[in-house]
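Mind folding the following:
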Amino acid sequence: MQNLTQDGQNLVNSLSSRYNLSFDAVLHMLIAVNNGSGSMAQFNCPELGGGGQWMRGGMTMVGDMFNYGLKSTVDNLCNELANGLANMQVFMPLPKGSRSSNQWWPGDLGQPFSSGAQNSTRYAIFPKRLAVEVNGNVTVYDTLDNNIGGISQQQGGNSSLTFSSQYGTILVNTLPVVSGTGSAPIMRAPAPQNNFIEPPAPAPYKSTPAMQTTQNFSNTTSVDDVIQLIEKLAKLRDMGAISDNEYNSKKTDLLNRI
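Here you go, the predicted model:
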């Protein structure tokens, strides 16, 4: 973490006194706002209700969702921190040759088309690559054929990071590691499978005429079988596989065969 300048220390001390918060709590929020480029912050501060999120000019979320006084405190504090970051040198400059705080990923990746931060974790998304920094350690992953739409974090480091793609929600540490100290891939996320209910096992013979199949069904189907089929039809309707009209029509047809 970069050290504070004298202006930065004065800013944190002043806000700590005015908002009746500890120095560490205000510093935590300052880092969160800085990680969000002054426009957003994702934080986990016990003095401010635990985990939460702030968007400049937008929504403020805190752990106690109905505590509007706490929301107002977080919003005002983050706005003042963002103004301080914009108008003064809050952090000491990085030593020459060190990595820029605004570009923490390997330079050969170029510019990301999306980046963000959550708590002590930062991420940047590139074509075919995902860079993640946890507590100063950077890991680059191969995103394979995933089209990453967003990243979220539950609790902890890489092991809790997930991203959404065309295959659903996937753990970051299931991706192959290109460089860094991240976890090796646990397993490749499987392609999505058909959600339709498996049909019952086929009969030992194959009926070709449709009318014959219907006749055999009506003669041999028990009440329990009909109920099970109706339940399966309901599941297909709930999944959107069939319409309400199709469900009602098939249900009526089954009930007429009891």
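
What ranges does the stretch 151-258 of the chain have for its helices?
For the stretch 151-258 of the chain, the helices defined by DSSP state H, counting those that start in this stretch occupy 210-220, 223-238, 244-255.

Out of those, flag the one nearest F163.
helix 223-238 (27.5 Å; CB to CB). Yep, even glycine has a C-beta here, placed from its N, CA and C like the rest.

what comes up buried for that closest one?
Buried residues in helix 223-238, counted by 16 or more other CB atoms under 10 Å: V226, L229, L233, L236, R237.

Now do the contacts for the last one.
Same thing as R237. Applying CB atoms under 8 Å, 6 or more residues apart in numbering, we find R237 in contact with S243, D244, E246, Y247.

try 7 Å
D244, Y247 (CB atoms under 7 Å, 6 or more residues apart in numbering).

Equivalent analysis for the third one, please.
Taking CB under 7 Å, 6+ apart as the definition of contact, the neighbours of L233 are Y247, K250, K251.

Excluding chain neighbours, what is closest to the second one?
The spatially closest residue to K250, leaving aside those adjacent along the chain, is L233, at 5.6 Å (CB to CB, 6 or more residues apart in numbering).

gap between W104 and L229?
58 Å (CB to CB, to the nearest Å).

where along the stretch 1-150 of the chain do the strands fall?
40-45, 50-55, 60-61, 114-118, 121-126, 129-134, 137-142, 150-153 (DSSP state E, counting those that start in this stretch).

M29: which of these is closest?
Proximity to M29 (CB to CB) singles out strand 40-45 among the strands of the stretch 1-150 of the chain, at 5.9 Å.
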